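K.L.:
Just a sequence and a predicted model for now, questions to come.
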Amino acid sequence: MKLPFVVAALIAASSAGAQTVDPTSFASDADVKAKVAAMGAAMKPGQGFAWQPLVRDGETNAALEYWKKPGRPAVHPDQAEYAIVVAGAGTLISGGTLADAVVVKPDLTEGARIVGGKTRTLGPGDVMLIPAGVPHWFGITGDRLVLLGMKLPQRR
């Protein structure tokens, strides 16, 4: 037997028996509903917001945001925000200008209100993509607004 033939045979044999790992992170509808219920049950009285990753790939994740009270209007200067309403109802105000803006951390600026934004009613199944640098605010209608969202780095 010639050496190249033996090497090729060994490579073929090891490739045929090797299993590839699926890197996909997955959550079923039942997983999402269970996580939402657990987040709601774990929130303390007076707590207005909770955040937990649902699926991830290293640093990138899609996370559940559970809102019981509205937060402050915000801008993410270098990140777009993509979200789907999973449960509950609310309001999105986006666009316009962030009044009394204060940089909280490099990826977050908050303000007192949004001037001149557009108001949209939110319910389960609604999808939004808020570009980087656009002011936005979520109001809560009823007892909660639950979003599945992710931050996307601004394309340069």
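P.N.:
Arrived safely, thanks for sending. Numbering: from 1, shown residues only.
K.L.:
helices or strands up against the lengthiest strand in the chain?
P.N.:
Longest strand in the chain by number of residues (criterion: DSSP state E): strand 136-153. Contacts defined by 3 or more C-beta pairs under 8 Å, 6 or more residues apart in numbering; DSSP states H and E place strand 136-153 against helix 29-42, strand 60-67, strand 74-75, strand 79-94, strand 113-115, strand 118-122. Heads up, the C-betas are built off the backbone N, CA and C, glycines and all.
K.L.:
Strand 60-67 and that strand, what's the angle between them?
P.N.:
Going by axes from the mean of the first three to the mean of the last three C-alpha atoms, to 10 degrees, strand 136-153 is angled at 170 degrees with respect to strand 60-67.
K.L.:
so where's the protein uncertain?
P.N.:
1-19, 156 (pLDDT under 70).
K.L.:
90 instead, please
P.N.:
Along the chain, segments meeting pLDDT under 90 span 1-25, 56-61, 152-156.
K.L.:
ok, now how distant is Pro73 from Asp126?
P.N.:
Separation of Pro73 from Asp126 (C-beta to C-beta, to the nearest Å): 19 Å.
K.L.:
okay, those two: which has more neighbours?
P.N.:
Using other C-beta atoms under 10 Å as the criterion, Pro73 and Asp126 rank with Pro73 on top: 25 against 16.
K.L.:
Roughly how far does the more buried one sit from Thr97?
P.N.:
10 Å.
K.L.:
okay, and the common contacts of the two?
P.N.:
Shared contacts of Pro73 and Thr97 (C-beta atoms under 8 Å, 6 or more residues apart in numbering): Ile114, Pro135.
K.L.:
Buried residues, the longest strand of the chain. List them.
P.N.:
136-140, 144-152 (16 or more other C-beta atoms under 10 Å).
K.L.:
Pick the one among those residues closest to Gly111.
P.N.:
Trp137 (8.9 Å; C-beta to C-beta).
K.L.:
Now do the contacts for the closest one.
P.N.:
Trp137 touches Pro70, Gly71, Arg72, Pro73, Ala74, Leu92, Ile93, Ser94, Arg113, Ile114, Gly117, counting by C-beta under 8 Å, 6+ apart.
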